[in-house]
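1. what's the 3D shape of this:
(chains A and B)
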There are 2 protein chains.
Amino acid sequence: MGSVANVAELDASVVKITRSTDLRPVPAPGSPEELSHSYCTDHMATARWTITNGWETPEIKPYGNLSIPPTASCLHYATECFEGMKVYRGFDGKLRLFRPDCNGERLLSSAQRTTLPSFRYEELKVLIAKLMQIDGPRWLPKDQPGRFLYLRPTLIGSGPHLGIQTPKEALLFIVAVPWPDPSQLKKPGQAGKPGLKLLASAPDTIRAWPGGFGNAKLGANYGPSLVAHGKAQAVGFDQVLWLFGEDRQVTEAGASNFFVVWENKDTGKLELVTAPLENQLILPGVTRRSVLQLARTEMSKSVGSLAPVEVIERDFTIGEVEQAWKEGRIVESFVCGTAVRFNSHTYYPRDMLTRYQYYITPVKVIRNGDVDMDMLEAGASRAGYAVQLKAWLEAIMFGKDGQENHEWSYIIEGESEK
Amino acid sequence: MGSVANVAELDASVVKITRSTDLRPVPAPGSPEELSHSYCTDHMATARWTITNGWETPEIKPYGNLSIPPTASCLHYATECFEGMKVYRGFDGKLRLFRPDCNGERLLSSAQRTTLPSFRYEELKVLIAKLMQIDGPRWLPKDQPGRFLYLRPTLIGSGPHLGIQTPKEALLFIVAVPWPDPSQLKKPGQAGKPGLKLLASAPDTIRAWPGGFGNAKLGANYGPSLVAHGKAQAVGFDQVLWLFGEDRQVTEAGASNFFVVWENKDTGKLELVTAPLENQLILPGVTRRSVLQLARTEMSKSVGSLAPVEVIERDFTIGEVEQAWKEGRIVESFVCGTAVRFNSHTYYPRDMLTRYQYYITPVKVIRNGDVDMDMLEAGASRAGYAVQLKAWLEAIMFGKDGQENHEWSYIIEGESEK
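-> Next up, the predicted model:
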């Protein structure tokens, strides 16, 4: 797919920069513009690919609409994949990406799953850095540590072609979007415990299947899931907990990975359990991978008041969760992912803002058929794993608490003085 | 989804027409422009929908690129569905659509499967008629009966929104494209029997799953299938024959429905067999439905030299096909669908043009693992069902052989004099 010897590779070092002469107002936190999830920064990065010439010179240029032929592959055949990432303004004043090569590798893997062109995945972080060197100073001011922008690298089949076939033209683009920060928006004194409400999927609707593409970040995984998502929201839930198979395996929640901490029935020891990657049903989340790595290295012994946990990736069923819940063996459960999701299927009522999810979010309730499981109740005295993991991740992302030079950080140097 | 009482319905009768002042050359049959499958006629139809106002006034306007925000739902979440149809220049000089309400209903059903807006499906044919009243006379001249254009009604989530949710804006558009006609292009004296070569899918690649969306014409069904399609083409096959489940059920071929005519092992009688719709694995093709209806009403008794067939929709496996083939019970097999597919995964070599598929195309070979089944061989003396069904359909589509006023035809009146 495009990695032919005589066609050009993606090379972010030669990017052509055209600066905007009409800078956009930076939206205030909590403003309608920010809550729209679609108000982009002043510039965007683009790189065009054709089967004959390979990757053209990437560009940083003023943000604007794309001109797409009505016959474009991406509009008909879902030849499209994307990544969700963030850029963080650190407490040391530096801009950071979190494990950007993980996203680059996954974008490449997703591209291959839908015959979009290959590229040197390390170039993705360089292209993002070029974009943020320009937009970083204005959209993430150095004197406002702890803020971030959401980044959306996207690769689409952009060429005109109604015949169903491998795309002959493609467009990689990256936009950056101010994203609501729940810690800024939460109303003081709001009632109720925080946490997500998950509705387990019905047997007649599934998200992914073996031999399918549930493990790739393709657009094709999202559009068809919106019906179930909308039904869950209509009855007051935040996300669908996707089950699979006759034994009702727990796979993932909405578009985030699901973890449960429970007491092993036989040994009495605590386990942190999540679905495995081998059967290709779930997205290999970057946060998931990081949580597993941190838990394996840091939580095999006690951390403060938290007892050691054994980290296990295996198939497990909603029946096992239900049994553990009935027997009081659930300590806590949580979901993780880069983006936020919250309960709104029309516009953005302010009173729902506490339901934002931020890297790692505890689960409050799981409904499976007639059974409502309160996931916070029984284990409350032993819980805290989600909070601890989130604290460790945030320290790395924002370069604080001694994590200024963590190996998972990619620091963006050379921000524009303008 | 949008059918709220106080928002506007789609109404093709009030379409706003803006005529092109820069008409495009009509490509010659077999020209590179025609073979591009993306050279559209002078105009296109569009209709915009928003969650607040419903359907805006549809437009017929000069063909051109769409201006789409980089954050549009369709580019990230595959909120997109389409139809494949044709408009035919009849032998009586009239323009016809073939069962357009079937396509309208299916587009509506696909839209609902991915939370795109509802619409009165009967309006689709009216909007197409408005478009063809303008482009018909020039692109399908009245003195050239037997020609057709391919029509592509498409509905996309067009609004800016990176949050994963039900689209709040949508765009319906219809383009018309000259499409190569294999009967015009076949080289005289070309060697070999005509027919498609199908490669049965491997167990590790699955197109659709019960509870999924294989029965909706969503973009999400196509992009992820291109890998298997490309592999099949690379080893000389035209399409993938998609199998499902541990018993390897035969579902559909590429993006067309698959039929086999065989001799029942026990009764010795002939059967026309195709996969059923109930398990939601296959697309409910309009040609499929028409073939079943014609075969049920016209082929229950002998037709010329063709023996009667019983028409059966049921699950059947590749093992059954293989056994029938080994025992010499295969009479013929064929695929059907509106669009053509042929063996090319780069550009369009002229020597492959005989592999075009046109409504109904016989299958020449099926490869399943190590077994190559010649599907034309054993039954040659008894075959002819595909040819007969195709002839009946063509008579209806082109208004000939006494089928000038068939109930499946929608005649477009009022063509422009310009």
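2. mind checking the backbone torsions on residue A:176?
-> Note on residue A:176: backbone dihedrals following degrees, to the nearest 10 are phi -120, psi 140.
3. quick check: bridge partners of it?
-> Beta-bridge partners recorded for residue A:176 (DSSP bridges): residue A:151.
4. my read: it touches residue A:138, true?
-> No: with contact defined as CB atoms under 8 Å, residue A:176 does not count as touching residue A:138 (11.1 Å). Quick note: C-beta positions are derived from backbone N, CA and C, even for glycine.
5. who has more neighbours out of the two?
-> The neighbour comparison of residue A:176 against residue A:138 (other CB atoms under 10 Å in any protein chain shown) goes to residue A:176, with 27 against 15.
6. any idea how far that one is from residue A:63?
-> Distance, residue A:176 to residue A:63, using CB to CB, to the nearest Å: 9 Å.
7. what residues are shared contacts of those two?
-> Listed as contacting both residue A:176 and residue A:63 by CB atoms under 8 Å, 6 or more residues apart in numbering or on different chains are A:40, A:41, A:44.
8. would you mark the buried spots in the strand or helix carrying the last one?
-> When you say that, I think you mean residue A:44. For residue A:44, the element it lies in under DSSP states H and E is strand A:43-50. If you call a residue buried by 16 or more other CB atoms under 10 Å in any protein chain shown, then strand A:43-50 has these buried ones: A:43, A:44, A:45, A:46, A:47, A:48, A:49, A:50.
9. same check on stretch A:398-413?
-> Those would be A:398, A:399, A:403, A:404, A:408, A:409, A:410, A:412, for stretch A:398-413 by 16+ other CB under 10 Å.
10. ok, for the fourth one, nearest residue in space, not its chain neighbours?
-> Right, the one you point to is residue A:404. residue A:92 (5.5 Å; CB to CB, 6 or more residues apart in numbering or on different chains).
11. and for the fifth one?
-> In space, and not counting its chain neighbours, residue A:408 is closest to residue A:99: 4.9 Å by CB to CB, 6+ apart.
12. could you count how many residues lie near that neighbour?
-> Around residue A:99 there are 21 residues (other CB under 10 Å).
13. contacting residues around it?
-> A:286, A:290, A:408, A:410.
14. so what does the residue nearest to the second one when sequence neighbours are not counted have for phi and psi?
-> When the adjacent residues along the chain are set aside, residue A:290 lies closest to residue A:393, with 6.4 Å between them (CB to CB, 6+ apart). Backbone torsions for residue A:393, taken as degrees, to the nearest 10, come to phi -60, psi -40.
15. okay, and for chain A, where does confidence drop off?
-> Applying pLDDT under 70 to chain A picks out residues A:1-6, A:181-193, A:339-358, A:418.
16. please parse it into its domains.
-> Following automatic domain parsing, one finds the domains of chain A at A:16-179, A:196-383.
17. and of the ones you listed, who's closest to residue B:275?
-> domain A:196-383 (17.5 Å; CB to CB).
18. how long is that closest one end to end?
-> The first and final residues of domain A:196-383 sit 16 Å from each other (CA to CA, to the nearest Å).
19. ok so, going back, can you pull the contacts of the residue nearest to residue A:290?
-> A:98, A:287, A:290, A:291, A:294, A:359, A:360.
20. scan those residues and report the most crowded one.
-> Ranking the contacts of residue A:393 using other CB under 10 Å puts residue A:291 first, with 27 neighbours.
21. and that residue, how far is that from residue B:100?
-> 52 Å.
22. which SS class is residue A:216?
-> coil (DSSP: H, G, I helix; E, B strand; the rest coil).
23. which ones are touching it?
-> A:81, A:109, A:110, A:113, A:114, A:283, B:224.
24. need the helices for chain A, in chain order.
-> A:32-35, A:73-77, A:100-113, A:122-139, A:182-185, A:226-234, A:286-298, A:318-326, A:385-397 (DSSP state H).
25. of these, give the one that comes closest to residue A:369.
-> helix A:318-326 (9.0 Å).
26. surely residue A:28 and residue A:39 touch.
-> No: Residue A:28 sits out of contact with residue A:39 when judged by CB under 8 Å, with a separation of 11.2 Å.
27. out of those two, which sits in the more crowded spot?
-> residue A:39 (21 against 10).
28. excluding chain neighbours, what is closest to that one?
-> Nearest to residue A:39 is residue A:33, by CB to CB, 6+ apart, at 4.3 Å.
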